[in-house]
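> model the structure of this input:
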Amino acid sequence: MTIESWLAERTAPGTLGPQAERVAHILARQPQFASYASARGIAERAAVNVSTVVRTAQQLGFEGWPQLREDLRALYLASVSSGDTTLDSAATEPAAQMLRQDANNIAALATPDNLAAIRATARAIKAARRTLVISSGSGAGPAHILSYLGSIAGHDIQLALDSATSQAVQVARLGAGDCLVTINNWRLTRTLRGLTRLARERGATVSVLTDLRSSPLADDADHLIITPIEATHPGPSLTGVVAAVQAVLSELADDDAARASGRVQQLWQELDLMDDQP
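Predicted coordinates:
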């Protein structure tokens, strides 16, 4: 059982309220941190007050935060497949702990459902007349990687990261035979949600990379890739998101992609663009 499904079993959709939902999202997105954090630590990451954390625990059927944390910790430790359960934040240096967490995020990414969605996303990009990639905030980094390396491999992949109005113009041009890839992690903007829905309504194939299976973006996704983003510091880790992008790119690799990449590199050499030319 995932942390997200465990939480879903304990409350009906839409009954927690906005602030309590933010607490629940911390539990689902950062279970390692939450398994050992104080109520104040959870409140700081969720940007709520401590009493909201306590009320959320009670809404989920617990007497208070310590009781919820105890059950959450047991569930999380049971889900750690590596057998390394030395997870206290004081156990290692921050850098080493973050590297270990990123390794866990990548391992959690490789589920059968995710692998199937990754392969389907690559097929959609290959078949599309053109592909548009949209994101916001920290998701811009993985979006750039997909667009840039996918373009070098010979695919018409365009990036839309400018203003909401500019993104809307580009999404409005999509139709049947096109593909939209939406990359979202941490907070979801209204713009990103609306543009993803617009692409689906216009007939484009929609692939979504997001960190929660319960994300509103899932309603408009033909293919859904769940990317763990837990970090040992405030905010998301993007390592799992980049790994998912790299997995899609690996599925795009074929003889045509190799020839396209070779032509690009030959062009770079002819234009003398690189300082490491032989």
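
> how far away is Trp186 from Gln67?
Distance, Trp186 to Gln67, by C-beta to C-beta, to the nearest Å: 27 Å. For every residue, glycine as well, the C-beta is placed using N, CA and C.

> neighbour count: the two, which is higher?
Higher neighbour count among Trp186 and Gln67: Trp186, with 17 against 14, using other C-beta atoms under 10 Å.

> and the more buried one, that one's in a strand?
No: assessed with DSSP: H, G, I helix; E, B strand; the rest coil, Trp186 is coil; it does not lie in a strand.

> which residues touch it?
Contacts for Trp186 (C-beta atoms under 8 Å, 6 or more residues apart in numbering) come out as Arg29, Gly137, Ser138, Asp211, Ile229, Gly235, Pro236.

> the last one is in contact with Phe33, isn't it?
No: Pro236 sits out of contact with Phe33 when judged by C-beta atoms under 8 Å, with a separation of 11.6 Å.

> which residues are common contacts for those two?
Residues touching both Pro236 and Phe33 (C-beta under 8 Å, 6+ apart): Glu230.

> quick one, domains of the chain?
3-85, 108-269 (automatic domain parsing).

> tell me the average confidence for the last one?
Summarised as a single mean, pLDDT over domain 108-269 is 94.

> the shortest one too?
Domain 3-85 comes out with an average pLDDT of 85.

> chain center to it: distance?
19 Å (C-alpha atoms, centre = their mean, to the nearest Å).

> can you show me the helices along the protein?
3-9, 18-29, 31-34, 39-46, 50-59, 65-79, 94-109, 112-127, 140-152, 164-172, 190-201, 239-252, 255-270 (DSSP state H).

> can you tell me which helices and strands the second one packs against?
Packing partners of helix 18-29 (3 or more C-beta pairs under 8 Å, 6 or more residues apart in numbering; DSSP states H and E): helix 3-9, helix 31-34, helix 39-46, helix 50-59.

> wait, which of these is closest to Asn105?
For the helices and strands packed on helix 18-29, proximity to Asn105 was assessed by C-beta to C-beta; helix 31-34 is nearest, at 9.9 Å.

> got the contact list for that closest one?
Outside helix 31-34, the residues that touch it by C-beta under 8 Å, 6+ apart are 3, 26-27, 41-42, 45, 69, 72, 75-76, 79, 87, 89, 101, 104, 230-232.

> winner for burial among the helices and strands packed on helix 18-29?
Most buried of the helices and strands packed on helix 18-29 by mean neighbour count (mean count of other C-beta atoms under 10 Å) is helix 31-34; its value is a mean of 22.

> send me that helix as PDB with only the CA atoms.
Provided in PDB are the C-alpha atoms of helix 31-34 (Å, rounded to 0.1, in the frame of the first residue of the first chain):
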ATOM      1  CA  PRO A  31       7.000  10.200   3.900                       C
ATOM      2  CA  GLN A  32      10.600   9.900   5.000                       C
ATOM      3  CA  PHE A  33      10.700  13.400   6.400                       C
ATOM      4  CA  ALA A  34       7.200  13.100   7.900                       C
END
